[in-house]
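Student: mind looking at a prediction? Sequence and model below.
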Amino acid sequence: MTTGPRIEQLVTAGTFSLDGGTWDVDNNVWIVGDDEEVIVIDAAHDVEAIAAAVGARTLRAIVCTHAHNDHIDAAPALAERTGAPILLHADDLPLWRQTHPDRAPDGELTDGQTLTVAGTELQVLHTPGHAPGAVCLFAPALQALFSGDTLFAGGPGATGRSFSDFGTIIVSLREKLLTLPGATTVHTGHGPTTTIAEEAPHLPEWIDRGF
C-alpha cells in the first residue's frame with residue numbers, strides 16, 4: 001500500500017573544509033517524498049547510505065541548500081548512480097568548484113521556484129548570508145522548512161568564514177524565514193529540529209550579539 005508524502009532523516013558523518021581548516025561534522029540528509037519518488041536535500045558524505053535510504057524509489061532531484069563541501073561531497077556520485085539532476089543556486093558556483101572543479105550542477109535553483117515531488121510542492125527561498133547561494137525549501141503542506149545552514153535551533157548559521165556575511169543572513173532570516181507560520185518545523189542541516197515560533201522571538205538577541 002502506498003503511503004502519502006513524508007519526511008525522512010538520515011545522519012551522515014564526514015568533514016567540513018574551508019579557509020584552510022577542516023572539522024569533523026555530522027550532517028542531516030533529508031529525503032522528501034513517498035513510496036514511489038523522492039528528492040534528497042543535501043547529499044552529504046556517504047553515497048552508499050543515501051542510496052540505501054532512497055532504495056528502489058525514483059530520485060527526482062538532488063537539491064543543495066548551499067555548496068559547502070559537507071553538503072555536496074556525495075552529490076556527483078549519487079547523481080551518477082541514480083541519474084537524478086543536481087540543483088544549486090548559481091551564486092554558490094564558486095564554492096561548488098572548490099569541491100567539484102570538473103563536474104557542474106545540472107540545474108539552477110532560483111528564488112520563488114517551486115519543486116514538486118509526490119504531489120508536494122516545495123518553494124525555493126534564496127537566503128544568502130551563510131553562503132551567497134544558500135537556499136531554504138518551504139513545504140506548506142508538510143508544515144516544514146528545510147533550512148540548510150541558514151537557521152538552526154538556537155540561532156543563525158555561521159558567518160565568520162569566506163563567502164559569508166552576518167548582515168545578509170539577518171536580512172534573510174527577517175524577511176524570508178521568520179515570517180513563515182509559527183507551527184512550521186525547521187529541519188536543519190546539522191543538529192536537532194526546531195520551529196519558527198521557537199526561533200522568531202530571538203532575532204533581536206542575535207542582532208545584538210552579532211551572532
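Tutor: All right, it came through fine.
Student: okay, stretch 42-50 in PDB with CA atoms only?
Tutor: What follows is stretch 42-50 as a C-alpha-only set of coordinates in PDB (Å, rounded to 0.1, in the frame of the first residue of the first chain):
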ATOM      1  CA  ASP A  42      21.900  17.800   0.800                       C
ATOM      2  CA  ALA A  43      23.800  14.700  -0.300                       C
ATOM      3  CA  ALA A  44      26.400  14.700   2.500                       C
ATOM      4  CA  HIS A  45      29.400  12.300   2.900                       C
ATOM      5  CA  ASP A  46      28.000   8.800   2.400                       C
ATOM      6  CA  VAL A  47      26.600   7.900  -1.000                       C
ATOM      7  CA  GLU A  48      26.100   4.300   0.000                       C
ATOM      8  CA  ALA A  49      23.900   5.200   3.000                       C
ATOM      9  CA  ILE A  50      21.900   7.800   1.000                       C
END
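Student: could you list the residues in contact with that stretch?
Tutor: Applying CB atoms under 8 Å, 6 or more residues apart in numbering, the contact partners of stretch 42-50 are 10, 12-14, 27-30, 40, 62-65, 70-75, 77-78, 81, 148, 189. Every residue, glycine included, has its C-beta placed from N, CA and C.
Student: which of the residues you listed fall in strands?
Tutor: Applying DSSP state E to the contacts of stretch 42-50, the entries found in strands are 10, 12, 13, 14, 27, 28, 29, 30, 40, 62, 63, 148.
Student: residue contacts, the nearest residue to residue 181 once chain neighbours are set aside?
Tutor: Counting by CB to CB, 6 or more residues apart in numbering, the nearest residue to residue 181 once its immediate chain neighbours are dropped is residue 196, at 6.6 Å. The neighbours of residue 196, taking CB under 8 Å, 6+ apart as the test, are 145, 177, 178, 180, 181, 182, 183, 184, 186.
Student: any idea what residue 25 is bridged to?
Tutor: Using DSSP bridges, the bridge partners assigned to residue 25 are residue 14.
Student: burial count for it?
Tutor: Residues lying near residue 25 (other CB atoms under 10 Å) number 19.
Student: related to what we said a few turns ago, what subset of the contacts of stretch 42-50 is buried?
Tutor: Among the contacts of stretch 42-50, those classed as buried by 16 or more other CB atoms under 10 Å are 10, 12, 14, 27-30, 40, 62-65, 70-75, 77-78, 148, 189.
Student: so what's residue 108 bridging to?
Tutor: Going by DSSP bridges, residue 108 forms beta bridges with residue 88.
Student: that one and residue 93 touch, don't they?
Tutor: No. With contact defined as CB atoms under 8 Å, residue 108 does not count as touching residue 93 (9.3 Å).
Student: where in the chain is pLDDT low?
Tutor: Across the chain, residues meeting the criterion (pLDDT under 70) sit at 1-2, 211.
Student: which residues in it form helices?
Tutor: Using DSSP state H, the helices of the chain run over 47-54, 69-72, 75-82, 93-99, 166-172, 196-199, 203-209.
Student: among the ones in strands among the contacts of stretch 42-50, which one lies nearest to residue 114?
Tutor: Comparing these against residue 114 with CB to CB places residue 63 closest, at 12.4 Å.
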